[in-house]
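# how does the following fold in three dimensions:
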Amino acid sequence: MAAKKILIVVVVVIMIAAIAAYFVFFRSGGAGVLGSQNASSSNTNGIQTVSVASVYPNAPTEQYLSLGTANGIVRANNFYAASSTQVGTDGVLIIKQTPDYWFTYDPSDSSFWIAISGAPFATVRAAAEQDFLATLGVSQADACKLDLSVGVPYSAGNPMNGQSLPPSFCQ
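Have a look, this model is predicted:
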């Protein structure tokens with residue numbers, strides 16, 4: 001009889017833990033582990049974000065970064081330290097957002113992405129690429145050394161949907 005009582009208690013404890021996990025991880029707006037930290041968070045463009053310091057406490061604080069590439073070192077403004085930089089729950093840094101485009105950096109593979117969401121594509125792309133160069137403080141030649149793509153995020157009915165292109169100024 002005592003074994004049956006212990007089994008019932010164990011089952012009840014497991015059920016309570018499962019219910020608690022559901023509310024912590026799934027009912028938290030999809031924030032997952034990063035969004036559950038004690039940090040300021042926001043939801044922009046449907047992307048849950050948290051502060052850089054809460055995810056990367058040892059992020060560089062110097063004015064400039066030295067980014068190693070297959071084609072040499074690129075010196076750029078430190079986007080980790082920028083007050084506007086946020087981190088998505090996937091760990092990707094959102095360097096800058098505007099209504100028509102945004103820039104991201106993925107530390108896991110050192111890649112940059114310029115996402116174009118406005119129209120006309122060619123006009124917004126040109127503005128976004130110039131803003132990317134100014135924000136990072138790099139030349140076109142140095143930007144071409146980076147793992148950098150320009151693309152269109154998922155958008156139903158957009159003929160450019162999901163396309164990824166090199167920057168227009170890279171050969």
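# break this structure down into its domains, please.
Structural domains of the chain, as assigned by automatic domain parsing, span the residue ranges 1-30, 39-165.
# where among the ones you listed is average confidence lowest?
Ranked by mean pLDDT, those bottom out at domain 1-30, which scores a mean of 44.
# tell me who's in contact with V52.
Residues near V52 by C-beta atoms under 8 Å, 6 or more residues apart in numbering: A59, Y80, A81, T85, Q86, V87, L93. C-betas here are computed from N, CA, C, even on glycine.
# switch the cut-off to 10 Å
The neighbours of V52, taking C-beta atoms under 10 Å, 6 or more residues apart in numbering as the test, are A39, A59, F79, Y80, A81, A82, S83, T85, Q86, V87, L93, I94.
# for it, which phi and psi angles does the backbone take?
Taking degrees, to the nearest 10, you get phi -60, psi -40 for the backbone angles of V52.
# same question, the one 3 residues further on
As for V55, its main-chain torsions (degrees, to the nearest 10) stand at phi -100, psi -40.
# can you report how many residues neighbour it?
19 (other C-beta atoms under 10 Å).
# measure it to D109 for me?
To D109, V55 is 16 Å away according to C-beta to C-beta, to the nearest Å.
# likewise Q130?
With C-beta to C-beta as the criterion, Q130 and D109 are 25 Å apart.
# kindly report the same for T49.
20 Å.
# the more surrounded of the two?
Between T49 and D109, counted using other C-beta under 10 Å, T49 has the larger neighbour count: 25 against 7.
# now do the same for that one: helix, strand or coil?
strand (DSSP: H, G, I helix; E, B strand; the rest coil).
# ok, it touching G91?
No. The pair T49 / G91 is not scored as a contact, 11.0 Å apart, by C-beta atoms under 10 Å.
# can you pull the contacts of S83?
Contacts of S83 by C-beta under 10 Å, 6+ apart are S51, V52.
# can I get stretch 51-69 in CSV, CA atoms only?
Coordinates of each C-alpha in stretch 51-69 appear next as CSV, following Å, rounded to 0.1, in the frame of the first residue of the first chain:
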residue,chain,number,x,y,z
SER,A,51,18.9,43.5,-24.3
VAL,A,52,22.4,42.6,-25.5
ALA,A,53,23.9,42.6,-22.0
SER,A,54,21.5,40.0,-20.7
VAL,A,55,22.4,37.5,-23.5
TYR,A,56,26.0,38.4,-24.1
PRO,A,57,27.3,39.7,-20.7
ASN,A,58,30.9,39.6,-22.1
ALA,A,59,30.2,41.4,-25.3
PRO,A,60,32.9,43.8,-26.4
THR,A,61,32.5,47.3,-25.1
GLU,A,62,35.2,49.0,-27.2
GLN,A,63,34.3,51.6,-29.8
TYR,A,64,35.3,49.3,-32.7
LEU,A,65,35.2,45.6,-33.5
SER,A,66,37.8,43.7,-35.5
LEU,A,67,35.8,41.2,-37.6
GLY,A,68,37.8,38.3,-39.0
THR,A,69,36.8,37.3,-42.5
